[in-house]
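Visitor: fold the following.
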Amino acid sequence: MSCALVTGASRGLGRAIAVQLALDHGLYILVNYSSNLAAAEETLAEIRANGGDGELLQFNVQTKQEVDEALNTWRENNPERFISVLVNNAGVTRDGLFMWMPESDWDEVMNISAKGLFNVTQNAIQQMLRKRSGRIVNVASVSGMKGVAGQTNYSAAKGAIISATKALAQEVAKRKITVNAVAPGFIISDMTKELNEAELKQMIPMNRFGKADEVAHLVSFLCSDKAAYITGEVININGGIYS
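Guide: Model (predicted):
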């Protein structure tokens, strides 16, 4: 049975993507979360309410040993299942001006986004390579495309994801594994609820924030057979703000 692993799937974009992949492709969803069990259970309940299925998979993406133990144990217990789709969505913001940024804010943002991508993808891609099949979608950001003041750490992390996407795509294309990224702009979520939407939407040609399900539909398309010839791409979804 084909499965999709979505990191950081307990809320926001991750939840919307997990629900959409189950709905569109009938994939068994591995709902990864780090600490918010209640929110992860809500994601799984929504998947099941729409006729899909899955399970919770707890690990912190920034700790390689934790990732490997969780995924290797799951694989041993589920020999008939194959993670054919991986969505690297986990990420955090710790905004602040660079000159005053605590080292811990730099490290946490980089470790969850960039190191997390390394940890999870390196484990999951082994089976994809053997089976000569797979879809990897990395969630980047407009911050990684154009840079955003007050987000030097987040912009750096998302920029790393974008470059890694392009390089890895070339390494694994012959094995029929696609690697793409989506770069959302301002999307309504917990991550943007503190922002001044009325002010910011004036710089967006569409004059509104995006919705999580709009990003989820794009991710779902990139995971489909229809996207088999698209790899190494970064697709902006930002209402017209372009870098």
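
Visitor: which helices and strands does the lengthiest helix in the chain pack with?
Guide: Longest helix in the chain, counting residues (DSSP state H): helix 152-172. The contact analysis (3 or more Cβ pairs under 8 Å, 6 or more residues apart in numbering; DSSP states H and E) places helix 152-172 against helix 103-110, helix 116-131, strand 134-139, helix 142-146, strand 177-184, strand 234-237. Bear in mind the C-beta positions are built from the backbone N, C-alpha and C, glycine included.

Visitor: pull the residues that contact the last one.
Guide: By Cβ atoms under 8 Å, 6 or more residues apart in numbering, the list of residues contacting strand 234-237 from outside reads 140, 142, 145, 162, 165-166, 180-185, 210, 214-215, 218, 222, 242-243.

Visitor: output that strand in PDB with nothing but the alpha carbons.
Guide: C-alpha atoms of strand 234-237 as PDB (Å, rounded to 0.1, in the frame of the first residue of the first chain):
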ATOM      1  CA  VAL A 234      10.000  25.700  -7.400                       C
ATOM      2  CA  ILE A 235       6.400  26.800  -7.900                       C
ATOM      3  CA  ASN A 236       5.400  30.100  -6.500                       C
ATOM      4  CA  ILE A 237       1.900  30.400  -5.000                       C
END
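
Visitor: about what we covered before: give me the buried entries from the contacts of strand 234-237.
Guide: Neighbour counting by 16 or more other Cβ atoms under 10 Å classes 140, 142, 145, 162, 165, 180-185, 210, 215, 218, 222 among those as buried.

Visitor: many thanks, have a good one.
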